[in-house]
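S.K.: Got a sequence here, can you model it:
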Amino acid sequence: MNKILMVLLVVLSVSGCAGLGVATVGAVMYYKSQNHEVASVDIEAPSENIYRAVLKRVEGNSSIVIINKDDSAMLLDLRQNGNDGSIKVTALNAKVSQLTITSGLTSDNESTPLMAVLKICKDLNVECKQSQ
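M.R.: Purely as a prediction, here's the structure:
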């Protein structure tokens with residue numbers, strides 16, 4: 001899990017979402033290595049709304065097991081098909097929040113962090129696209 005948190009910090013700094021740069025709202029940053037995947041997007045919505053959408057999607061999926069749930073930090077540690085991951089929602093300001101999903105490397109037939117981010121965006125009626 002420590003590796004996932006380190007990757008999360010790297011993605012935040014690279015995406016410009018650490019407060020130093022400007023990221024386009026709805027542009028999904030996606031990173032994949034030999035061992036893990038990370039998808040992150042800034043969404044124009046309060047963090048509480050995004051976290052509720054995440055909970056609804058996760059709790060409605062019987063293949064996902066919640067290992068740890070920290071509502072105050074808006075952080076979920078998950079397991080799906082033997083693969084560990086996490087979902088974190090962070091308020092960037094009153095109107096914009098960041099959704100970050102990390103996981104171990106997924107196989108071709110599994111839901112990836114990128115797919116999960118896009119599904120949550122759709123649930124929120126927000127247009128999100130992978131940045132090029």
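S.K.: C-terminal to the helix or strand of the chain with the lowest mean pLDDT, what's the next element?
M.R.: Least confident helix or strand of the chain, by mean pLDDT, DSSP states H and E, is helix 2-14 with a mean of 44. Next in sequence after helix 2-14, counting helices and strands by DSSP states H and E, comes strand 27-32.
S.K.: Would you mind writing the CA trace of that next one as CSV?
M.R.: Output of strand 27-32 as CSV, limited to C-alpha atoms (Å, rounded to 0.1, in the frame of the first residue of the first chain):
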residue,chain,number,x,y,z
ALA,A,27,-8.9,15.7,-18.2
VAL,A,28,-8.0,12.3,-16.9
MET,A,29,-4.4,11.7,-16.1
TYR,A,30,-3.6,8.0,-16.5
TYR,A,31,-0.3,6.2,-15.6
LYS,A,32,0.5,2.5,-15.9
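S.K.: buried stuff in that strand?
M.R.: 27-31 (16 or more other Cβ atoms under 10 Å). All C-beta spots, glycine's among them, are computed from the backbone N, C-alpha and C.
S.K.: Also stretch 98-110?
M.R.: Under 16+ other Cβ under 10 Å, the buried positions of stretch 98-110 are 98-103, 106.
S.K.: ditto for stretch 62-82
M.R.: For stretch 62-82, by 16+ other Cβ under 10 Å, it's 64, 74-78, 80.
S.K.: quick one: which of the residues you listed sit in strands?
M.R.: Here DSSP state E is the test, and these give 64, 75-78, 80 as lying in strands.
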